[in-house]
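1. test case, fold it:
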Amino acid sequence: MFLLVQAVAYAWSGRTWPPEVRTRIARLLGIFVGASLYLVAVQHMTHLYETRRGGFELFLLLGQGGGARYALAFWLGFVLLGSVLPMLLAFHPRLRSERSLTLASALVVLGAFAWLFAFVIGGQAFPLEIFPGALVTSSFHDGAVADYRPSLPELLLGLGGMGAACLITLVGMRLFDMMPRDAAAPLVQEA
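-> Alright, predicted model coming up:
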């Protein structure tokens with residue numbers, strides 16, 4: 001999000017990143033994305049060792065038992081679009097333009113939302129066995145995968161919160177002159 005807000009702020013002020021700064025930022029983004037992907041992989045691999053979490057991991061990672069939507073969000077959204085493609089954009093020398101860095105940053109944000117959807121909503125939708133070894137039934141669809149689709153107000157609330165945070169940051173950067181300066185550009189001080 002920082003890179004997206006900074007890209008908008010730079011475009012707003014008519015400035016561009018120096019090529020060496022853009023290269024360092026792209027590398028840093030790629031390293032952070034790779035570390036994030038590694039830590040999520042370690043998390044899921046260690047959860048596979050725990051017997052009682054195995055069902056949830058198969059549900060989330062392979063879509064078994066009705067979790068295909070969450071597995072697709074995880075593999076396509078987080079892994080491919082939110083991690084692998086941004087790392088390719090960040091590390092490939094021919095793809096290291098300002099636009100590709102902004103695209104990589106946007107894909108990372110979308111990938112993070114895909115991971116949160118898969119992990120949080122998938123975790124809530126997964127049918128839990130509350131009393132192991134006992135058969136408990138009710139009229140509340142016990143043992144069934146819950147179906148959740150965010151309503152329009154929920155979507156607007158999430159997007160509005162992100163938009164408000166970005167707007168406050170941009171206005172603050174503009175009002176308080178918080179944009180970074182080049183080392184070669186002299187600072188203007190009022191007498």
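2. just give the nearest non-adjacent residue to the residue most central in space within the chain, would you?
-> Nearest to the geometric centre of the chain sits Ala112, at 1.5 Å (C-alpha atoms, centre = their mean). Ranked by C-beta to C-beta, 6 or more residues apart in numbering and with sequence neighbours excluded, the top spatial neighbour of Ala112 is Gly82, at 6.4 Å. C-betas here are computed from N, CA, C, even on glycine.
3. residue ranges with poor pLDDT in the chain?
-> Within the chain, the ranges that satisfy pLDDT under 70 run 136, 138-143, 178-191.
4. residues in contact with the closest residue to Leu62 other than its chain neighbours?
-> Distances taken as C-beta to C-beta, 6+ apart put Ala71 closest to Leu62, at 6.0 Å, once the chain neighbours are dropped. By C-beta atoms under 8 Å, 6 or more residues apart in numbering, Ala71 lies in contact with 59-63, 118.
5. please repeat the previous calculation with a cut-off of 7 Å.
-> By C-beta atoms under 7 Å, 6 or more residues apart in numbering, Ala71 lies in contact with 60-63.
6. so where does it fall, helix or strand?
-> Using DSSP states H and E, Ala71 sits within helix 68-72.
7. buried ones in that helix?
-> Of all the residues in helix 68-72, those buried under the rule 16 or more other C-beta atoms under 10 Å are 69-71.
8. mind giving me JSON lines with those residues and columns for distance to Arg27?
-> Compiled in JSON lines, the buried residues of helix 68-72 are given as follows (distance: C-beta to C-beta, whole Å):
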{"residue": "Arg69", "distance to Arg27": "34"}
{"residue": "Tyr70", "distance to Arg27": "32"}
{"residue": "Ala71", "distance to Arg27": "31"}
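9. ok now the helix or strand harbouring Val40, how far from the chain's centre?
-> Taking DSSP H and E as the criterion, Val40 maps to helix 19-49. With C-alpha atoms, centre = their mean, to the nearest Å as the basis, helix 19-49 stands 12 Å off its chain's centre.
10. again with stretch 87-102
-> On C-alpha atoms, centre = their mean, the centre of stretch 87-102 falls 18 Å from that of its chain.
11. that one: which residues count as buried?
-> 87, 89-91, 96, 100-102.
12. no further questions, thank you.
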